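A.B. asks: Sequence and predicted structure below; questions after.
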Amino acid sequence: MNIRRMQAEDIGALLALWREAGLAIRPKGRDTVEALARQFASMGRHWWLAEEDGKVIGAVMGTHDARKGWINRLAVHPDYRRQGVASALAARVEESLAEDGVEIFAALIEDENETSCRLFEALGYEKYPVHYYRKKLHEGV
């Protein structure tokens with residue numbers, strides 16, 4: 001397995017991986033190719049892909065606000081799960097964010113996503129109860 005920094009031309013492969021991994025996609029909002037390209041232009045240096053034999057098998061998007069780093073959209077192709085791909089991607093994005101001086105890492109995980117909850121607990125993350133509020137400018141996002 002090779003982990004490399006994502007490039008703008010990888011956005012199509014990223015979307016394909018998300019579909020194969022079963023992630024919810026907002027194709028009329030934040031997950032269009034154009035929207036992802038804008039996001040990538042802003043924080044793409046913290047987006048990583050895992051490949052095996054040239055095939056994208058995992059991905060993670062890292063972002064930060066200069067004080068807290070966020071691990072977003074960590075996904076692994078179903079055929080490559082339970083092989084250390086997610087752990088390797090999480091470690092790489094933590095390392096990348098730390099290069100920007102970030103010392104706190106966080107991930108928002110929905111309660112029903114037990115697999116991701118177990119992964120982050122195994123990686124040393126502590127569950128921190130919080131109320132999450134959001135406001136959408138329109139329904140497609």
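C.D. replies: Nice, thanks for sending it over. Numbers count the residues shown, from 1 in each chain.

A.B. asks: Kindly list the longest strand within this structure.
C.D. replies: Determined from DSSP state E, the single longest strand within the chain is strand 55-64.

A.B. asks: Run me through the strand neighbours of it, direction for each.
C.D. replies: In the sheet, strand 55-64 lines up against strand 47-52 (antiparallel), strand 69-76 (antiparallel) (DSSP bridges).

A.B. asks: Would you mind putting those strands into JSON lines with distance to Pro27 and mean pLDDT alongside?
C.D. replies: Where C-beta positions appear, they are placed from N, C-alpha and C, glycine not excepted. Formatted as JSON lines, the strands paired with strand 55-64 follow (distance: least, C-beta to C-beta, whole Å; pLDDT from 0 to 100):
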{"stretch": "strand 47-52", "distance to Pro27": "19", "mean pLDDT": "97"}
{"stretch": "strand 69-76", "distance to Pro27": "15", "mean pLDDT": "95"}
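
A.B. asks: between those strands, which gets nearest to Glu94?
C.D. replies: Closest of these to Glu94 is strand 69-76, at 7.2 Å (criterion: C-beta to C-beta).

A.B. asks: tell me what the helix or strand that the closest one is followed by is packed against?
C.D. replies: For strand 69-76, the following helix or strand on the C-terminal side (DSSP states H and E) is helix 85-98. Using 3 or more C-beta pairs under 8 Å, 6 or more residues apart in numbering; DSSP states H and E as the contact test, the elements touching helix 85-98 are strand 2-5, strand 47-52, strand 55-64, strand 69-76, helix 114-122.
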